[in-house]
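Novice: Return atomic coordinates for the entry below.
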Amino acid sequence: MAETIKELLDKIHEEGIQAAQSRAAAIESEAKLQAQALIQKAQAQAKQIIEEAKLSAQKLEQTTKVGLQQAGRDTLLELRRQINRMLDALIKQQVAGALSPQELAGIIASLAKQAPGQDVIVTLSPQDQARIEQEFLAQLKEQVKKGIVLKASDDISAGLVISFDGGRSQFEFTDQALVEYIGGSLKPKLSAILNEGQDSR
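Specialist: Okay, here's the model as predicted:
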């Protein structure tokens with residue numbers, strides 16, 4: 001009887017160990033499967049993060065490139081504007097220097113001699129009008145053998161506006177008109193030089 005109980009206990013013990021071992025193996029297998037699933041999920045997430053980062057980097061690179069191109073164009077346009085302003089100022093300075101009262105008197109005489117017989121109306125800056133009236137008007141009238149009327153205008157800083165038909169039509173030789181005329185001839189050439197420098201890069 002004691003032997004039977006012992007065999008029974010041994011059997012129960014053995015079955016318990018086997019059950020525990022089987023349960024441990026099942027838990028281990030399940031843990032491995034869960035760990036593998038977690039690893040695969042983590043790898044998929046990491047891959048997605050890398051792809052998103054690559055896309056973001058490409059977009060940033062493209063945006064930066066476009067931004068730099070736009071900044072380059074803006075800088076070139078501003079440079080051209082500044083060069084054109086400098087050119088206008090330089091032409092205006094040179095023209096104003098060339099249009100002294102003595103030179104203006106010569107221009108008036110030359111134009112008036114070729115004009116029909118009516119009086120000539122000349123509009124100048126107040127300073128030039130005063131100087132020509134004082135120093136050259138009598139001589140001009142003697143040269144051209146016709147009446148010359150001098151008028152002053154605050155809108156003119158240098159040069160003159162001349163009319164041969166009582167003011168109905170007029171020809172403008174002011175510094176501003178000459179700047180526009182000379183600049184209109186020089187600016188396309190300057191623009192071509194700037195474009196040539198840009199195309200060679």
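Novice: This protein: helices as residue ranges?
Specialist: Using DSSP state H, the helices of the chain run over residues 2-98, 101-114, 126-135, 137-144, 175-199.
Novice: and the spatially most central residue of the chain, how far is that from Q82?
Specialist: The centroid of the chain falls nearest to D74 when counting by C-alpha atoms, centre = their mean (1.8 Å). Distance from D74 to Q82, counting by C-beta to C-beta, to the nearest Å: 12 Å. (Glycine included, C-beta is placed from N, CA and C.)
Novice: what's the answer for Q94, then?
Specialist: 19 Å.
Novice: okay, those two: which has more neighbours?
Specialist: More crowded of Q94 and Q82, by other C-beta atoms under 10 Å: Q94, with 14 against 10.
Novice: Check what pLDDT the more buried one gets.
Specialist: Q94 carries a pLDDT value of 78.
Novice: just K189 next, same as before
Specialist: For K189, the model assigns a pLDDT of 75.
Novice: Next: Q170.
Specialist: pLDDT at Q170 comes out at 82.
Novice: can you tell me how far the nearest residue to it once chain neighbours are set aside sits from L90?
Specialist: Using C-beta to C-beta, 6 or more residues apart in numbering and skipping the chain neighbours, the partner closest in space to Q170 is S163 (4.2 Å). Here the criterion is C-beta to C-beta. By it, S163 lies 30 Å from L90.
Novice: who's more crowded, the two?
Specialist: S163 (19 against 14).
Novice: check contacts around that one.
Specialist: 120-123, 169-171 (C-beta atoms under 8 Å, 6 or more residues apart in numbering).
Novice: hang on, A152 packs against I132?
Specialist: No: taking C-beta atoms under 8 Å as the definition, A152 is not a contact partner of I132, at 10.3 Å.
Novice: Mutual contacts of these two, please.
Specialist: L124.
Novice: So between these two, which is more surrounded?
Specialist: Between A152 and I132, counted using other C-beta under 10 Å, the more crowded position is I132 (22 against 14).
Novice: What distance do you get for the more buried one to K32?
Specialist: For I132 relative to K32 (C-beta to C-beta), the value is 109 Å.
Novice: now E180
Specialist: 87 Å.
Novice: Same check on L140?
Specialist: The value you get for L140 to K32, if C-beta to C-beta is used, is 114 Å.
Novice: okay, those two: which has more neighbours?
Specialist: Higher neighbour count among L140 and K32: L140, with 21 against 10, using other C-beta under 10 Å.
Novice: residues contacting the more buried one?
Specialist: With C-beta under 8 Å, 6+ apart, L140 has these contacts: 105, 108-109, 112, 132, 148.
Novice: go again using 6 Å as the cut-off
Specialist: 108-109, 148 (C-beta atoms under 6 Å, 6 or more residues apart in numbering).
Novice: repeat for K145
Specialist: With C-beta under 6 Å, 6+ apart, K145 has no contacts at all.
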